[in-house]
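> Based on what follows, work out the 3D shape:
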Amino acid sequence: MLDIYTVAFFGHRYIDNLFKVEELLEEQIRKLINEKEYVDFLVGRNGDFDQCVSSTVLRVRKNVRDDNSSLLLVLAYPTAEYLNNEESFHDYYSDVDISYAASKAHPKSAIQIRNREMVDKADLIICYIEKEEGGAWQTLKYAKDKEKAIVNLAEF
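Residues are numbered from 1 along each chain as shown. As a prediction, this is how the structure comes out:
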């Protein structure tokens, strides 16, 4: 049976030094792809960090190996951008998952519900969180309460 290792990513919506974050991400992703039998990378689409993660995962998969990992977009609800470009999304990501619980919730709480579902599925959390405020920080606190393995790239 295939041993699937799941990694969820969270970070602030705005990041100043994307180049540095990308370097740190690349190192982590490369290591996971080389060491694990199969890796599911779970990512949202809510800001700088998420975009950086997606492009870095795709680049590492292209340059290292792409047969033992997938990049899964997890949406809190079907956005207009997704609904209007569904085919493009499925070309870019390995798959797109829409959280049922989050899609039924109030839009203000939907992303946090989706984030907690991602944490619950994950073996490892890779994040970039500098400030003790906002949704990403709330998710980090939740992950710590769940005793998840966590790598905060902002600490490097």
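
> what about residue 86, neighbour count?
Neighbour count for residue 86, taken as other CB atoms under 10 Å: 12. Bear in mind the C-beta positions are built from the backbone N, C-alpha and C, glycine included.

> show me the contacts for it.
Listed by CB atoms under 8 Å, 6 or more residues apart in numbering, the contact partners of residue 86 are residue 96.

> And it, how far from residue 75?
Separation of residue 86 from residue 75 (CB to CB, to the nearest Å) stands at 11 Å.

> Find the residues that touch each one of the two.
Common neighbours of residue 86 and residue 75 (CB under 8 Å, 6+ apart) are residue 96.

> Can you verify my assumption that residue 61 contacts residue 68?
No: between residue 61 and residue 68 there is no contact, the gap being 9.1 Å when judged by CB atoms under 8 Å.

> These two: who's more crowded?
Set residue 61 next to residue 68 and count neighbours by other CB under 10 Å: residue 61 wins out with 21 against 17.

> Which residue comes closest to the more buried one once chain neighbours are left out?
Take residue 61 and drop its neighbours on the chain: the residue closest to it by CB to CB, 6 or more residues apart in numbering is residue 69, 5.9 Å away.

> and that neighbour, how many residues sit next to it?
Residues near residue 69, counting by other CB under 10 Å: 22.

> Show me what it bridges to in the sheet.
Counting by DSSP bridges, residue 69 forms beta bridges with residue 39.

> and it, what pLDDT?
With respect to pLDDT, residue 69 scores 98.

> So it sits against residue 37, correct?
No: Residue 69 lies out of contact with residue 37 (CB under 8 Å); the separation is 10.0 Å.
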